[in-house]
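>>> Predicted coordinates and the sequence they were generated for:
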Amino acid sequence: MSAERDFLDSYDPTAFPPVAVTVDVVALTVRGGVLHVLLVERGGPPFADRWALPGGFVREETLDAAAMRELAEETGLRPGEGPLGALHLEQLATYGDPGRDPRMRVVSVAYLAFAPSLPDPRAGGDAAGAAWVPVDRAVGLAFDHDAILADGLERARAKLEYTPLATAFVPGEFTIAELRAVYAAVWGEEPHAGNFHRKVLSVPGFVESTGETTGRGGERGGPRSRLYRSGDARLLHPALLRPAREDSVR
C-alpha cells in the first residue's frame with residue numbers, strides 16, 4: 001500500500017492532454033404514427049442555433065444517471081416519474097474522434113431511449129429550444145450527431161427484429177394493430193397485416209392475451225380487437241425480419 005500511496009501522491013494528471021466525457025441521448029417515440037427523435041436547439045457556441053441530440057457533460061454521477069438527467073431536463077420530468085418510469089435506456093456506442101468537438105477532446109457515450117409517450121419537451125440547461133422531430137427531418141445536426149442518430153435508428157430497427165422492444169412503445173395493454181403500427185413507424189416499412197399477426201402470435205413469450213377486448217376497434221373502426229400484454233420473452237425466435245430483409249432470405 002505504501003508504494004501505491006507514494007505513486008498516487010506523485011502522480012501528475014496534467015502530464016496528459018485533458019479529456020472530457022459527455023453523454024448524448026437518442027430518445028425515440030412514436031407520435032401520430034410517425035417515429036420522432038428529441039432534439040434541442042443549442043443556445044450558444046459551438047454550433048449556436050443548430051439542432052442537436054440532448055446531452056451534456058458528465059458530473060459526479062454514473063453515465064446512466066447523466067443520460068437520464070439530461071433527458072429529464074428536456075422533458076420536464078424527474079427520473080422515474082410518469083413516462084420516464086417506463087423508459088427503456090441502453091448504451092448505444094462511444095464516439096471519440098479527436099475533432100468531433102472544437103472545444104477540446106470530448107468523448108461521448110451515446111444512449112438509446114424509448115418510451116411509449118413522452119410529453120412535449122421544454123428546453124432545459126443551456127438549450128434555446130427543444131422539439132420532437134420526425135426522424136426523416138432530423139438532418140444537419142451539430143457535432144457528429146447525424147452519425148449518432150443513424151446508429152441509434154439502426155440499433156432500434158434491428159432490436160425490433162430480435163427482441164420484444166416494440167412493446168416499450170405501446171401502453172401496457174395493446175392490440176396487434178397498435179403493435180404493428182410501431183413496427184411500421186420504426187422500420188419505415190409497413191408489415192403485411194395478416195403475416196404480422198400470425199408471426200407475433202407464433203413467437204413464444206412475445207405477447208400474451210389479457211382475455212379482454214377493446215372498444216377501440218380495428219384499423220378502420222371494425223369490430224372489437226383483442227388486447228395483449230408483453231410476455232416474458234427476451235429474444236424473439238423466430239425473428240420478425242424487416243420486409244426487405246425477409247425478402248432477401250427467401
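Arrived safely. Numbering: from 1, shown residues only.
>>> From what I see, P17 and V107 are in contact.
No - if you go by C-beta atoms under 8 Å, P17 and V107 don't touch, sitting 12.0 Å apart. Quick note: C-beta positions are derived from backbone N, CA and C, even for glycine.
>>> who has more neighbours, those two?
Counted by other C-beta atoms under 10 Å, P17 and V107 do not tie: V107 has more neighbours, with 16 against 8.
>>> Tell me the spacing between V23 and V133.
For V23, the distance to V133 equals 20 Å [C-beta to C-beta, to the nearest Å].
>>> What of V25?
14 Å.
>>> show me what contacts the closest residue to Y95 other than its chain neighbours?
Computed as C-beta to C-beta, 6 or more residues apart in numbering, the closest residue to Y95 that is not its neighbour in sequence is S108, at 4.8 Å. Counting by C-beta atoms under 8 Å, 6 or more residues apart in numbering, S108 makes contact with V21, T22, V23, D24, G55, T94, Y95, G96, R100, F143, I148.
>>> beta partners of the third one?
The residues paired with V23 through beta bridges, assigned by DSSP bridges, are G56, V109.
>>> tell me the contacts of it?
If you count contacts by C-beta under 8 Å, 6+ apart, then V23 has G55, G56, V58, L63, A66, A67, E70, S108, V109, A110, Y111 around it.
>>> can I get those residues in a markdown table with distance to A166 and pLDDT?
What follows is these, written out as a markdown table (distance: C-beta to C-beta, whole Å; pLDDT from 0 to 100):
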| residue | distance to A166 | pLDDT |
| --- | --- | --- |
| G55 | 25 | 93 |
| G56 | 29 | 92 |
| V58 | 30 | 96 |
| L63 | 26 | 97 |
| A66 | 27 | 95 |
| A67 | 22 | 94 |
| E70 | 25 | 89 |
| S108 | 27 | 98 |
| V109 | 25 | 98 |
| A110 | 21 | 98 |
| Y111 | 19 | 97 |
